[in-house]
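Colleague: would you be able to build a 3D model of this:
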Amino acid sequence: MPHIEIKKTHALGKAGARNKAEKLAESLLTEYNAKCEWVNDELCFSSPGVEGKLCVGDDNVEIMVDLGFMLRPLKSKIESGIVSQLDEILGSDTTGIA
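Modeller: This is a model prediction of the structure:
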């Protein structure tokens, strides 16, 4: 399963970043009909062909996504979309991790 992992620093504190991450959860629900659930400081999400989590820390967020077979060809497009959304929500200091 192709894996996407992105880590992004922020200066919002854990509570501020979690509030901002709620916007990402709303987007996932609306655009991808994803099921989202907070487990402590991790937003776990899944929809057909996609599974992942967004971990919120004091000074960073990390998102890990696994793509199913049908979405593999769209990996780079999905990854850049995630980076764009995180940049919009948290700022622009994003580091991608293979």
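Colleague: average pLDDT across the host helix or strand of Lys77?
Modeller: Counting by DSSP states H and E, the element that carries Lys77 is helix 75-90. If you average the pLDDT over helix 75-90, you get 89.
Colleague: what residues does that helix touch?
Modeller: The set of residues external to helix 75-90 that reach it, using Cβ atoms under 8 Å, 6 or more residues apart in numbering, is 2, 4, 6, 8, 10, 12, 17, 20-21, 23-24, 27, 61, 63, 65, 67, 71, 94, 96. Just so you know, the C-beta spots here come from the backbone N, C-alpha and C atoms, and that holds for glycine as well.
Colleague: which of the residues you listed count as buried?
Modeller: Among these, those scoring as buried are 2, 4, 6, 8, 10, 12, 17, 20-21, 24, 27, 61, 63, 65, 67, 71, 94 (criterion: 16 or more other Cβ atoms under 10 Å).
Colleague: of these, which belong to helices?
Modeller: 17, 20-21, 24, 27 (DSSP state H).
Colleague: make CSV from these and add pLDDT and distance to Lys35 to it.
Modeller: Formatted as CSV, these follow (pLDDT from 0 to 100; distance: Cβ to Cβ, whole Å):
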residue, pLDDT, distance to Lys35
Ala17, 91, 21
Lys20, 87, 20
Ala21, 86, 16
Leu24, 77, 14
Ser27, 77, 14
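Colleague: mind picking out the helix or strand in the protein with the poorest mean pLDDT?
Modeller: strand 94-97 (a mean of 54; mean pLDDT, DSSP states H and E).
Colleague: tell me the secondary structure at the nearest residue to Gly13 once chain neighbours are set aside.
Modeller: Sequence neighbours aside, Asp58 is the residue nearest to Gly13 in space, at 6.3 Å (criterion: Cβ to Cβ, 6 or more residues apart in numbering). Secondary structure, DSSP: H, G, I helix; E, B strand; the rest coil: Asp58 is coil.
Colleague: dihedrals phi and psi, Asp58?
Modeller: phi -60, psi -40 (degrees, to the nearest 10).
Colleague: what's the per-residue pLDDT of it here?
Modeller: 94.
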